[in-house]
Every structure is written in structure tokens, then in C-alpha cells.
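**Student:** Quick one: sequence and predicted model below, then my questions.
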Amino acid sequence: MQKILILDFGGQYNQLIARRVRENHVYCEVQPFSLSREEILRFDPIGVIFTGGPRSVYDADAPKPDPVVFSLGVPILGICYGCQLLAQTLGGEVIPAQDDSAREYGKTLTVFDTSCALFRGLPEESVTWMSHGDYLSKVPEGFSLAAHSAACPTAAICDEQRKIYGVQFHPEVNHTEYGAAMLRAFLYEVCGAVGDWTMADFKTRAIAAIRDKVRDGKVLLALSGGVDSSVAAALLSEAVGKNLNCVFVDHGLMRLHEGDEIEAVFSKREGNFVRVNAEERFLSRLADVTEPEQKRKIIGEEFIRVFEEEAKKIGAVDYLAQGTIYPDVIESGRGDAAVIKSHHNVGGLPACVDFKEILEPLRLLFKDEVRQLGRELGLPEALVSRQPFPGPGLGIRVIGELTREKLDILRQADYIFREELEKAGLPDAPGQYFAALTDMRSVGVMGDGRTYDRAVALRSVQTSDFMTADFSRLPWELLDRVSTRIVNEVRGVNRVLYDITSKPPATVEYE
Ligand code: XMP
């Protein structure tokens with residue numbers, strides 16, 4: 001399979017680059033810029049992309065890749081910092097913009113030389129998304145200028161001989177009008193991609209790799225009933241058959257009726273299915289805990305302990321499998337990247353895990369790829385297109401301390417919201433929608449009496465990748481119906497709020 005290596009210099013759009021490459025049916029991985037010489041050689045890419053990043057190339061400790069990338073003889077595309085880095089390395093010069101007029105942020109009209117392989121067949125003028133302070137003041141030998149804007153004479157450079165390209169703007173961002181076409185040109189026209197990354201191929205390869213590793217060993221899968229772990233279950237079931245044991249831990253943080261629904265579906269599908277009712281145990285460990293990261297860590301650790309115990313009951317289980325996916329890996333922090341939240345199935349793992357190995361067969365897939373794989377494996381559409389539900393469940397949707405009373409209130413409110421939203425059959429269906437219980441109490445009036453009750457927050461977002469999200473513009477009538485029903489039907493709630501923040505700056509979940 002052909003591979004593109006994306007070297008990560010810490011830019012905020014790096015995952016978007018990976019998604020754009022994958023959408024073009026070309027496999028890629030985002031690796032830290034410090035990847036060793038041996039690892040780069042072993043990766044054996046058909047092309048390399050340097051991402052943007054927050055640093056300046058003239059800083060004494062500016063991040064630089066191993067020089068071997070320049071002698072692989074494969075095409076390179078540098079984006080923003082990556083462009084400056086390759087230009088400086090190859091003999092060009094980068095300087096800080098002298099005054100504000102030479103800095104560019106946002107949509108910028110850019111003029112292209114359409115004889116450059118990246119821009120062939122595209123209009124000579126279009127809008128690009130710029131975000132830079134430094135700029136390239138001297139083009140390295142062998143390169144020609146391929147684009148400019150009013151403030152930046154070097155918006156793109158190219159060396160068609162060596163197939164090295166640099167763009168100062170961000171082609172991966174939708175605001176760059178022809179960005180997708182430019183990346184596609186790099187992949188297909190420059191790197192010679194054939195588009196061999198498909199979920200059918202992935203399925204075959206993943207099954208072979210699992211069989212190769214596990215052989216006759218037993219696997220215990222942490223099944224939550226969400227899309228990721230359900231797809232992992234189907235994949236592992238094909239790979240290891242009866243050696244797969246699915247354990248569903250009901251931590252008491254599930255939505256209304258959810259535990260029973262999961263049991264109904266999976267006890268039929270998977271031969272070895274176990275449901276562990278562990279509400280008591282989780283809630284007692286979480287008593288008095290209010291700090292979100294601490295909650296996540298406790299839930300993550302307790303999950304593993306339950307699995308270890310179940311594994312002992314089954315006997316001779318070597319492998320613990322989880323439905324971890326790529327955004328979980330990235331958002332839990334790798335290398336230099338900031339930890340945003342410890343996703344319970346990655347960063348929340350305790351240091352000591354009593355299994356021979358952890359299997360994460362989906363850890364390199366984006367959500368839409370997981371759904372495609374699920375379809376490929378023949379899972380029902382209702383399961384494949386379910387909205388995501390986080391591993392720590394309602395534990396991170398009740399703000400502050402968790403109690404059974406609060407969880408019950410939230411379960412009812414959340415059920416009403418989801419029921420009404422699904423009934424409304426909106427044309428532009430939200431990617432995720434749920435209720436959260438705030439830690440606020442406020443005064444209200446019901447009947448003729450004063451109330452002093454809790455406030456429920458409704459959250460609904462439009463998103464394609466869950467890494468960024470926009471709040472849903474839900475119809476007022478729908479919100480009105482939901483609010484009326486919640487206040488009338490759920491005891492202990494007298495106020496309903498609608499969350500109108502996007503991600504960033506907020507996140508989808510509350511904790
Ligand atoms: P945030 O809140 O980080 O959420 O914007 C992005 C997406 O990730 C889901 N999420 C999780 N999924 N374990 C999971 O399996 C977790 O710990 C976790 N935390 C957040 C969230 O529901 C949203 O879809």
C-alpha cells in the first residue's frame with residue numbers, strides 16, 4: 001500500500017491534512033517531526049508533507065526533521081512553517097515580516113503560476129487561507145516562484161525537477177478555494193498515487209494482521225455499544241471467531257435504557273457476550289470527585305480493573321482490545337501536542353495493565369472511515385450511523401460531583417431531547433446531540449410556588465470530524481417543545497439552557 005508521511009511540526013490544522021489525504025484514498029500517517037532516520041526509511045513513503053507549526057525557522061531550537069527526508073528522492077510538500085523550513089534548509093532565506101502589512105491572516109487573494117504541477121488546470125486567481133508572520137525572502141536555487149499575494153511575494157515555490165513544493169497558505173483548510181484540488185494534484189500528479197486506500201482493503205489487511213498476532217490466543221473486547229467498539233467487535237469476530245469475548249461494563253453512566261439495548265443486540269450477535277453491572281463500584285469510587293481529568297482517569301482505571309477481573313474468570317486471556325480511533329489518540333496528546341482531554345480508552349489507561357498486549361485495530365482510522373468499515377463488515381446502518389457516546393458516559397455530562405439522583409435527572413432530560421430531535425427529522429441532522437446537567441441551581445416559579453432547582457443544558461453540534469464543531473441552529477419550536485417537556489416531566493429541573501458555543505473554543509463534551 002502506498003503511504004504518505006506527514007511530519008508534524010505542531011500546526012493546528014495537521015489532522016485536517018491527514019483527513020484530506022485519506023479522503024483521496026491515499027493512506028497517510030501523522031508522525032512527529034523528530035521521527036528517526038531509521039523510522040523514516042522503514043516508513044517508505046511515496047511522498048512527504050511538512051505541516052505548519054507555531055515556531056520560527058530561525059529560532060535556535062526550531063524543530064527540524066532528520067535530513068534523510070531530503071535524500072529519499074520522493075516528492076515533498078511543505079505547508080506554511082513546512083514551506084519555510086524546506087526553503088531555508090535548501091538555501092533560501094526566511095525573515096520575520098518587518099511590519100504588520102507583510103503578515104497575513106485569513107482569506108487572501110492569491111495569483112498562481114498554473115504551469116506548476118500543483119496548480120495546473122486551476123484558475124490563475126483564487127482565495128487562499130494564510131496564517132503567517134514570517135515569510136520567504138529568498139527563494140532557494142532550483143526553485144521558481146509559483147504564487148504571490150499582495151503582501152507575500154512568495155506564496156508558493158516549486159522545483160519540478162526534484163518535485164519539491166512549498167505553499168505559504170493552508171490548502172487543507174476549506175477557506176482555500178482550490179485547496180482540495182491542489183492536494184489531490186500533489187498526491188496523484190506528483191507522487192503518482194493510485195488510490196489504494198479503501199476500507200475493503202483495510203478490512204482484509206486488518207483481519208490478517210490480527211490473526212497473525214493473536215493466533216490461538218483469547219481476546220477480551222471492551223464493548224461499549226458505541227460505533228467504534230461495535231465495529232471493532234465485528235472486525236475481531238471475523239478475525240478470531242470464538243476466541244473473542246465481548247465484555248460490556250455497565251458503569252451506571254449510560255443513557256436511559258441503553259444498557260438493556262446493548263445487551264439485546266450483542267448477546268445475539270456475539271457468542272461470548274458478558275454484561276457486568278458495576279454501577280455501585282463506579283459511583284463509590286467517583287464519590288466527591290469533581291475535577292474532570294480525575295473523573296476520566298478514575299473511570300478509565302476502573303474499566304481496566306473490571307476487565308482484568310473478567311479476564312481471570314474467562315481464563316488465559318492475553319489480549320485486551322479497545323475501539324480507540326485516531327482522534328482519540330491525537331487528542332489524548334502525543335509528544336509535543338497539548339493534552340486536551342484524556343480519552344478514557346487512551347490517556348486514562350493506568351500505568352500497569354495486566355494483559356500481554358492491548359489491541360487497538362482502529363487506532364489509525366477517522367470516524368467516517370470507521371463507519372465505512374462497519375458497513376463493509378455488514379453491520380446494520382442504525383448501529384453504524386449512531387452518534388458517538390464517550391467512554392466515560394454521563395460521568396462527563398454531569399458537571400461536578402456525580403450522584404445517582406443527578407444521573408437519573410440527566411437520563412430523563414437527555415431522553416426527551418433526543419426523542420424530540422429524532423422525531424423532528426431535521427434535514428441537516430446534527431452529528432451529536434445530548435443534554436448535560438449543570439451544577440447550577442436557580443429560582444423559578446411553578447404553579448404558585450417558588451422553585452430552586454437544577455438547570456439542564458442542551459448541546460447539539462454539526463460536525464464532520466468531531467475535531468471542530470459548530471452549534472446546531474435548531475428550530476425554536478423544537479427547543480420550545482423540549483424545554484416544556486423537560487421542565488414538566490423531570491422533577492428537580494426548572495430551567496433549560498441551549499449551548500451556542502462552537503468547538504473551538506468550547507469542546508463538544510462538558511468535561
Ligand atoms: P470533545 O469533548 O473532546 O469531544 O470535543 C470530541 C468527540 O469525542 C468524544 N469523546 C470521547 N470519546 N472517550 C471516547 O470514546 C472519551 O473519553 C471521550 N471524550 C470525548 C465526544 O463525545 C465527541 O464525539
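**Tutor:** Perfect, I can see it now. All values reported here derive from a predicted model rather than from experimental measurement.

**Student:** And the strands in the stretch 51-200 of the chain?
**Tutor:** Assigned by DSSP state E, counting those that start in this stretch, the stretch 51-200 of the chain shows strands spanning 76-79, 93-96, 104-112, 125-132, 134-138, 144-149, 156-159, 164-167.

**Student:** The ones you listed: which one's closest to residue 444?
**Tutor:** The closest of the strands of the stretch 51-200 of the chain to residue 444 is strand 104-112. By Cβ to Cβ, the value is 43.9 Å. (C-beta placed from N, C-alpha, C; glycine too.)

**Student:** From the contact counts, what lies against that closest one?
**Tutor:** Here strand 104-112 touches strand 125-132, strand 144-149, going by 3 or more Cβ pairs under 8 Å, 6 or more residues apart in numbering; DSSP states H and E.

**Student:** as a whole number, average confidence for the last one?
**Tutor:** Taken as a whole, strand 144-149 has an average pLDDT of 95.

**Student:** what's the offset of it from the middle of its chain?
**Tutor:** Put simply, strand 144-149 sits 34 Å off its chain's centre (Cα atoms, centre = their mean, to the nearest Å).

**Student:** Adjacent strands (with direction) for it?
**Tutor:** Strand pairing for strand 144-149, using DSSP bridges, gives strand 104-112 (antiparallel), strand 156-159 (antiparallel).

**Student:** Can you say which of the strands of the stretch 51-200 of the chain is nearest to residue 402?
**Tutor:** strand 125-132 (40.6 Å).

**Student:** and that closest one, which strands flank it?
**Tutor:** Assessed with DSSP bridges, strand 125-132 is paired to strand 104-112 (antiparallel).

**Student:** for the partner strand, which positions count as buried?
**Tutor:** Residues 104, 108, 110-112 are the ones in strand 104-112 that count as buried (16 or more other Cβ atoms under 10 Å).

**Student:** could these be laid out in CSV, adding pLDDT?
**Tutor:** Below are those laid out as CSV (pLDDT from 0 to 100):
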residue, pLDDT
104, 75
108, 89
110, 96
111, 97
112, 97
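
**Student:** can you tell me which of the residues you listed are up against the ligand?
**Tutor:** Of the residues in the buried residues of strand 104-112, proximity to the ligand by Cβ under 6 Å from any ligand atom holds for none.

**Student:** Where is the longest helix in this structure?
**Tutor:** Using DSSP state H, we find that the single longest helix of the chain is helix 292-314.

**Student:** Could you check that one and say which residues are buried?
**Tutor:** Those would be 292, 295-308, 310-311, for helix 292-314 by 16+ other Cβ under 10 Å.

**Student:** that older thread, is it possible to get TSV of the strands of the stretch 51-200 of the chain that adds distance to residue 275?
**Tutor:** As requested, the strands of the stretch 51-200 of the chain are exported to TSV (distance: least, Cβ to Cβ, whole Å):
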stretch	distance to residue 275
strand 76-79	48
strand 93-96	59
strand 104-112	52
strand 125-132	48
strand 134-138	57
strand 144-149	59
strand 156-159	57
strand 164-167	52
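
**Student:** Ok, which of those comes nearest residue 249?
**Tutor:** With Cβ to Cβ, the closest approach to residue 249 among the strands of the stretch 51-200 of the chain belongs to strand 76-79: 42.3 Å.

**Student:** The closest one pairs with which strands?
**Tutor:** For strand 76-79, pairing defined by DSSP bridges yields strand 47-50 (parallel), strand 164-167 (parallel).

**Student:** looking at those strands, which is closest to residue 440?
**Tutor:** That would be strand 47-50 among these, by Cβ to Cβ, at 45.7 Å.

**Student:** Could you grab the helix/strand/coil label for the residue of the stretch 1-150 of the chain found nearest the ligand?
**Tutor:** In the stretch 1-150 of the chain, the residue that lies nearest the ligand is residue 15 (12.1 Å; Cβ to the nearest ligand atom). Following DSSP: H, G, I helix; E, B strand; the rest coil, we place residue 15 in the helix state.

**Student:** Tell me how the protein divides into domains.
**Tutor:** 3-190, 199-384, 397-498 (automatic domain parsing).

**Student:** and of those domains, who's closest to residue 506?
**Tutor:** Taking Cβ to Cβ, domain 397-498 is the member of those nearest to residue 506, at 8.5 Å.

**Student:** do the closest one and the ligand meet at all?
**Tutor:** Yes: using Cβ under 6 Å from any ligand atom, domain 397-498 reaches the ligand at 432, 466.

**Student:** Now do the end-to-end distance for that domain.
**Tutor:** Domain 397-498 has its terminal residues 14 Å apart, counting by Cα to Cα, to the nearest Å.

**Student:** So for that domain, mean pLDDT?
**Tutor:** Rounded mean pLDDT across domain 397-498 is 96.

**Student:** cool, stretch 295-307 as well?
**Tutor:** On average, the pLDDT along stretch 295-307 is 91.

**Student:** so how far is that stretch from its chain's centroid?
**Tutor:** Offset of stretch 295-307 from its chain centre (Cα atoms, centre = their mean): 22 Å.

**Student:** For it, C-alpha coordinates in PDB please.
**Tutor:** What follows is stretch 295-307, C-alpha atoms only, in PDB (Å, rounded to 0.1, in the frame of the first residue of the first chain):
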ATOM      1  CA  LYS A 295     -13.000  11.700  36.900                       C
ATOM      2  CA  ARG A 296     -11.800  10.500  33.500                       C
ATOM      3  CA  LYS A 297      -8.800   8.800  35.000                       C
ATOM      4  CA  ILE A 298     -10.800   7.000  37.700                       C
ATOM      5  CA  ILE A 299     -13.400   5.800  35.200                       C
ATOM      6  CA  GLY A 300     -10.600   4.600  32.800                       C
ATOM      7  CA  GLU A 301      -8.800   2.800  35.500                       C
ATOM      8  CA  GLU A 302     -11.900   1.200  37.000                       C
ATOM      9  CA  PHE A 303     -12.800  -0.100  33.500                       C
ATOM     10  CA  ILE A 304      -9.500  -1.800  33.200                       C
ATOM     11  CA  ARG A 305      -9.800  -3.400  36.700                       C
ATOM     12  CA  VAL A 306     -13.200  -4.800  35.800                       C
ATOM     13  CA  PHE A 307     -11.800  -6.200  32.500                       C
END
